[in-house]
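**Q** missing the sequence, but the structure's below:
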């Protein structure tokens, strides 16, 4: 008689393994350890053979019968179902060796050779959190453009537009690497190239960062000095005014980037928006701030560490909130110091190229940007000292005009 679901479900182990037979050679092997395994006994080329279909309940009685019927159909066509199963197992192993995750790990090893630790960390995090859950287990050759789009779209849906763009770039890089290195020739195309980020990711409304007029700078500079905020935060705001780097470039600064003797700050490419190294000549006033800061955070990696965890940086909103407490909510941001410096340095007749390079507004390819970042160092050094002296005079209340470059 054929087995029933109840018989299979209630089959109990005994002192020895035993079989519960179904029809067509199918049976359930109940082991003394409690396992319930589907088997098919058949003959091929005059020899008796046994084929395994998996274990119950992962494989139901109905599914086991379907596999039996498929095997018997192969027998009718003079094909050994065991040979077919071996081929499928080989294909399965081949697919596991060619998943997106396997290729991504190989790409990561190749790509990270000349990258900074933080850049590698951010990229690895994107793969693990956003990309692997959706694509990691899939054979890379089977992935299509809609699946790539779904990954990017899901990230963008939570408002992380920049991360979505970066994830798109990473996926594309993995596919290019696989196409170039897949000796089997199965990876033939890059599905990420069929779409553009702008097709999926909504445009972010660009806002001008709030900033005070130069006439309000004296009061702001004095407010910073008299603020009750932490010394580390006051120094961070003053360095924003003196160096006019981007907020994230400042708060993620590490002591190893500074050469105080040479009066220069070298920001590595992986921390810059344009992914090119940036050189910031340091005025004497900035050097004084750094020496004062060393007494506070010099024992840690970051100049501006998180108050509760020294392995992390100051929050991106710390400077903004401090300015708000000084009474400048909606009137000034950390980024606003860049706008003030950009406008005033041009008023002082500094060459546009000198100002643009110091603002890290670089154009061209990576090689050209890296070259430009090291240009006009003597002129930019003089400009940065001139700017620091000008801010000191404003704070002191002297009646100064945006004096011209000699």
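**A** Received the coordinates, thanks. From a predicted model like this one, the values you see are computed outputs, not experimental measurements.

**Q** please make it C-alpha for all contacts and neighbour counts, starting now.
**A** Will do.

**Q** where does the stretch 301-406 of the chain have low pLDDT?
**A** 362-372, 398-406 (pLDDT under 70).

**Q** give me that answer again for 90
**A** Residues of the stretch 301-406 of the chain that meet the criterion pLDDT under 90 lie in 307-309, 311, 315-317, 346-354, 356, 360-375, 397-406.

**Q** just the strands in it please.
**A** Using DSSP state E, counting those that start in this stretch, no strands are found in the stretch 301-406 of the chain.

**Q** burial of residue 318, as a residue count?
**A** 16 (other CA atoms under 10 Å).

**Q** and it, how far from residue 220?
**A** Applying CA to CA, to the nearest Å, the value for residue 318 to residue 220 is 17 Å.

**Q** could you pull out the buried residues of whichever strand or helix holds residue 165?
**A** Residue 165 is located in helix 161-181, with elements delineated by DSSP states H and E. Buried residues in helix 161-181, counted by 16 or more other CA atoms under 10 Å: 161, 163-165, 167-168, 170-179.

**Q** per-domain residue ranges of this structure.
**A** 5-91, 100-200, 214-396 (automatic domain parsing).

**Q** flag the shaky bits of the stretch 101-250 of the chain, pLDDT-wise.
**A** 102, 112-122, 125-126, 129, 134, 136-142, 145-146, 153-165, 182-189, 193-211.

**Q** apart from its neighbours in sequence, what residue is nearest residue 190?
**A** Once flanking residues are discounted, residue 190 sits nearest to residue 175: 5.4 Å by CA to CA, 6 or more residues apart in numbering.

**Q** do you know how far that neighbour is from residue 111?
**A** 13 Å.

**Q** now residue 127
**A** Residue 127 is 14 Å from residue 111, where distance means CA to CA.

**Q** more neighbours: the two, which one.
**A** Each of residue 127 and residue 111 has its neighbours counted (other CA under 10 Å); residue 127 has more, 20 against 14.

**Q** enumerate every residue touching that one.
**A** Counting by CA atoms under 8 Å, 6 or more residues apart in numbering, residue 127 touches residue 167.

**Q** I'd assumed it was in a helix, is it?
**A** Yes - counting by DSSP: H, G, I helix; E, B strand; the rest coil, residue 127 is found in a helix.

**Q** residue 360 against residue 373, yeah?
**A** Yes - contact criterion CA atoms under 8 Å: residue 360 and residue 373 qualify, at 7.4 Å.

**Q** any shared contact partners between these two?
**A** What both residue 360 and residue 373 touch, as defined by CA under 8 Å, 6+ apart, is the set residue 278.

**Q** in the stretch 1-150 of the chain, which spans are strands?
**A** Going by DSSP E, counting those that start in this stretch, the stretch 1-150 of the chain shows strands at 18-21, 26-30, 36-44, 47-55.

**Q** equivalent analysis for the stretch 151-300 of the chain, please.
**A** 258-259, 264-267, 278-281.

**Q** looking at these, which is buried most?
**A** Most buried of the strands of the stretch 151-300 of the chain, by mean neighbour count (mean count of other CA atoms under 10 Å): strand 278-281, with a mean of 23.

**Q** hmm, who's touching that one?
**A** 243, 263-269, 272, 358, 360, 370, 373-374, 377, 380-381, 384.

**Q** now list the buried members of those residues.
**A** For those, buried by 16+ other CA under 10 Å: 243, 264-265, 267-269, 272, 358, 360, 370, 373, 377, 380-381, 384.

**Q** and which of the residues you listed is nearest to residue 212?
**A** Nearest to residue 212 out of the buried ones among the contacts of strand 278-281 is residue 243 (CA to CA; 16.9 Å).

**Q** residues in contact with that closest one?
**A** 280, 282, 384.

**Q** can you report how many residues neighbour residue 274?
**A** Neighbours around residue 274, by other CA under 10 Å: 17.

**Q** ok, it to residue 52 distance?
**A** 58 Å.

**Q** what residues of stretch 244-258 count as buried?
**A** Applying 16+ other CA under 10 Å to stretch 244-258 flags 244-255, 258 as buried.

**Q** can you tell me which of these end up in helices?
**A** Taking DSSP state H, the ones among those that sit in helices are 247-251.

**Q** pipe these into TSV and attach distance to residue 101 per row.
**A** As requested, those are exported to TSV (distance: CA to CA, whole Å):
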residue	distance to residue 101
247	34
248	31
249	31
250	34
251	33
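
**Q** which of these lies closest to residue 20?
**A** So of these, ranked by how close each gets to residue 20 (CA to CA), first place is residue 248, at 68.4 Å.

**Q** report how many residues lie close to the residue nearest to the closest one when sequence neighbours are not counted.
**A** If the residues on either side of it in the chain are set aside, residue 248 comes closest to residue 316, at 6.7 Å by CA to CA, 6+ apart. For residue 316, the neighbour count with other CA under 10 Å is 14.
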